[in-house]
Each structure stands twice: as structure tokens, then as C-alpha cells.
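Engineer: sequence and predicted structure are below.
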Amino acid sequence: MVIMGTTTVEFMFNQLSLAQKSSTSLDSVEEDYVLNISSQNGDGNYIAATSSDFSARLFSKDTLAVAGVVKGHTDVLSDICWGKSDINLLFTSSKDKTVRCWDTRMKLTKEVQSFKGSEECVNVYTCVDINLTDQVLCAGQEVDKDGNVFLHFWDRRQTEVLGAYSESHQDDITQVKFHPTQADKLISGSTDGLVCLYDISETCEDDALSYTFNSCSTVASIGWCGDRTDQVYCTTHIDTLHVWDTIEGDDLYENTDLKEILKDKNSIDYIVDLIVGEGDKYLVLAGKHNGEMRVIELSSSDKVSSVICNLSGGHKATIRCLYWNNKDKYLVTGAEDSLLCLWSACGNKLDTATSDGLKKAKMKNRKTVSKRSHPY
């Protein structure tokens with residue numbers, strides 16, 4: 001999540017054009033969905049993207065050239081994140097019931113650490129994040145056959161479970177996100193419709209749970225936002241949007257009819273994720289199943305929604321994820337067509353190597369574009 005000025009937002013996004021493309025698969029039989037994108041902090045040069053072929057690929061931020069492939073999981077990767085203080089560390093969660101740590105300075109076919117749950121609660125991991133100090137690792141799970149769902153915590157210096165929360169959610173946990181500047185603050189979202197805020201420095205789950213916010217639908221994505229990063233946002237699988245204040249617990253924004261408001265030439269099929277503006281402005285990236293995208297400005301004061309930018313010509317299928325670089329003003333998107341697209345305000349054209357590589361890929365075009373689903 002990023003913060004930007006509102007006076008030049010529309011101008012800035014209208015400068016974006018397709019600069020680079022890169023494929024996560026050269027398979028001519030079936031495309032691999034791009035499921036998640038995560039970028040190294042600071043001066044790090046890599047973007048990592050997971051795909052439905054059980055791997056993650058590292059791409060150069062500047063050119064989207066493939067720099068390496070992380071292989072080792074035996075099932076689909078459900079989430080990915082970079083270390084906050086050590087940007088060479090990459091963490092992945094998977095349907096194979098493990099969370100793994102990779103060091104990009106070493107061989108990418110063997111993890112440097114592997115984390116599992118305790119014997120009584122070994123289950124599929126659906127999401128992962130690491131805190132500000134890179135010391136506490138957290139991963140969420142699917143609900144098990146007995147109706148239990150766990151948030152697991154590890155001290156990264158050891159692989160045994162440090163502790164677990166099991167009372168806050170009643171269904172699959174879809175995302176966990178640590179606060180970007182406060183190591184003990186964590187939020188989690190679930191298909192039970194709840195977004196929970198914790199202070200993990202407390203000794204038990206009851207004391208750690210600070211707020212429970214209800215989205216009234218299954219939670220798709222969550223994140224921290226606001227001028228002081230003191231707000232939490234949530235998008236849902238029915239494409240509604242919520243923003244809450246984490247100090248007083250107030251509901252700051254709720255939009256339940258974005259698709260209804262935007263019709264005709266500006267119509268959308270789904271929300272990809274949120275990009276946050278200053279003050280009372282929020283920016284949403286929304287899409288159509290044919291690969292078109294729209295940047296939509298929302299106002300919490302009057303809840304007016306307007307399309308400020310249209311992006312097309314990159315993807316041909318449903319967009320799954322995004323990364324926005326506020327410093328250098330570029331956008332990276334990943335989709336079900338197995339493509340990663342870089343949208344830059346510099347107006348760069350596709351370089352020859354990338355363009356030729358895509359032509360040679362000969363990827364199969366779908367006859368119909370699928371609705372968003374969860375392949376993992």
C-alpha cells in the first residue's frame with residue numbers, strides 16, 4: 001500500500017503505458033495463473049510472482065527479465081512475501097502444508113528453512129507474512145475437518161511453532177499482514193467475513209485481539225492504509241470495499257455498489273486491489289475479464305466514484321494481483337494469462353528480447369475467460 005498526493009493523481013496515472021511484459025510460463029498447453037506479487041523493499045531489484053505451477057519466479061523490477069525460479073514446493077503456492085530488514089529472504093506458503101524461507105543469494109531449488117504446524121494442527125497454509133524485524137513469521141490456515149482454523153507463529157530462528165491463535169476466525173484465513181512500522185501489530189482476514197487486529201506482544205489471544213471488523217462477506221484482500229498507516233482496508237469476493245480506523249474502531253468507508261455505479265463504457269467486473277491516496281481519497285484498481293483495467297478514485301466523504309485512467313493492451317484475462325511503486329511511479333500487474341505487465345509513466349516500449357520471448361512462447365489462448373476462482 002502506498003500514499004500519494006491527490007492534486008496530480010489523475011495526471012500521473014494517465015501517463016502510464018505498457019512498458020514491459022514477461023511470462024511466467026512458456027508452456028504451449030496451458031497457462032499458469034499469476035497468483036501473487038511481492039516486491040523487495042528499498043533498493044532491492046526483484047519482484048517475486050507465484051504461479052499455479054508450484055513455483056515462484058524472480059523478475060527484475062526494471063525490465064521484468066526472469067532472474068531465477070524458486071522450486072521445491074509440491075503443491076500450489078498460496079502466498080509470498082519478502083523479508084523486511086533482510087531483503088534477500090523470501091517466504092512462501094503452500095498447499096503442501098509448509099511455509100518455507102529462501103535466500104536469493106543461494107540456490108533457489110532448496111529452501112534455507114521449512115516451517116510446519118504442530119502434530120495436532122497440520123493443515124494447508126493459505127497466507128504468510130513476516131514482521132518488521134524479520135523475527136516473527138505468521139501464516140494462516142484453511143479450516144480443518146474438525147472446524148478449527150489456526151494462525152501459526154514462529155520465531156524465525158527456530159522451526160517449531162512458537163504459538164497459535166484459534167478463536168478469532170471460524171473459516172479459512174485468506175490473508176495476514178503485519179504493520180509496516182510496528183512489529184507487534186497484525187491483521188488477518190477470513191472467509192468468515194471478519195478482519196481482526198491484534199497486538200501480538202500480549203500473552204494470550206483474548207488480550208491480543210484489539211478489534212474485530214465485519215465485512216459481511218468473504219474477505220479477499222486486506223492491508224494498512226491512511227496518512228499515518230492507522231487504517232485497515234478490506235476488499236471482498238463480492239467486490240465490496242471497507243476501510244476502518246484502528247484507533248477508535250470507526251467504519252470510515254463502505255462501498256457496496258461500485259459495479260452498479262460504473263456502467264456502459266466504464267463498467268467493471270471485479271476489484272483487483274486498493275491503492276491508497278492521501279486524505280479522504282482512495283484508489284482502486286478494477287478490471288474486466290478480458291484484461292482491461294481501470295483506476296478508480298473514491299472519496300470517503302461523498303462516496304463518489306470516477307474512472308481516472310484506463311489501461312489495456314497488456315493482459316487478455318482476469319487480473320489477479322498488483323504492485324504499485326509510488327517512488328518511481330510504475331505499476332506491475334499479474335493475471336490468469338500467465339503474464340506480468342509493467343506499466344510505466346516513462347513511456348518505454350517493450351524491449352526486443354522480451355517481445356521476442358513472448359512471440360516464441362506460443363501460449364494457448366482460452367476460448368472463454370473464466371470467472372475468478374481459487375485454484376489453490
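Structural biologist: Great, that's in hand.
Engineer: how about low-confidence regions in the stretch 1-150 of the chain?
Structural biologist: The model of the stretch 1-150 of the chain has pLDDT under 70 over residues 1-7, 24-31.
Engineer: make it 80
Structural biologist: 1-9, 23-32, 119-120 (pLDDT under 80).
Engineer: all helices for it, in order.
Structural biologist: Listed in chain order, the helices of the stretch 1-150 of the chain (DSSP state H, counting those that start in this stretch) span 9-14.
Engineer: what helices or strands is the helix or strand where Leu274 lies leaning on?
Structural biologist: Element membership for Leu274, per DSSP states H and E: strand 270-276. Contacts defined by 3 or more Cβ pairs under 8 Å, 6 or more residues apart in numbering; DSSP states H and E place strand 270-276 against strand 219-225, strand 231-236, strand 281-287, strand 319-325. Every C-beta, even on glycine, is put in place using the N, C-alpha and C of the backbone.
Engineer: mind redoing it with 10 Å?
Structural biologist: strand 219-225, strand 231-236, strand 241-245, helix 258-261, strand 281-287, strand 293-299, strand 319-325, strand 330-335 (3 or more Cβ pairs under 10 Å, 6 or more residues apart in numbering; DSSP states H and E).
Engineer: which of those comes out lowest on mean pLDDT?
Structural biologist: Among the helices and strands packed on strand 270-276, helix 258-261 has the lowest mean pLDDT, at a mean of 82.
Engineer: from the chain's centroid, how far away is it?
Structural biologist: Relative to its parent chain, helix 258-261 has a centroid offset of 23 Å by Cα atoms, centre = their mean, to the nearest Å.
Engineer: do stretch 207-227 as well
Structural biologist: The answer for stretch 207-227 is 15 Å, by Cα atoms, centre = their mean.
Engineer: residues touching Phe54, list them.
Structural biologist: Contacts for Phe54 (Cβ atoms under 10 Å, 6 or more residues apart in numbering) come out as 32, 70-77, 94-96, 376.
Engineer: which one among those residues gets closest to Lys288?
Structural biologist: Comparing the contacts of Phe54 against Lys288 with Cβ to Cβ places Asp32 closest, at 21.2 Å.
Engineer: wouldn't that closest one be in contact with Ala56 here?
Structural biologist: No - here Asp32 does not reach Ala56: they are 11.2 Å apart, not a contact under Cβ atoms under 10 Å.
Engineer: circling back to that earlier point, pairing partners for the strand holding Leu274, with directions?
Structural biologist: strand 281-287 (antiparallel) (DSSP bridges).
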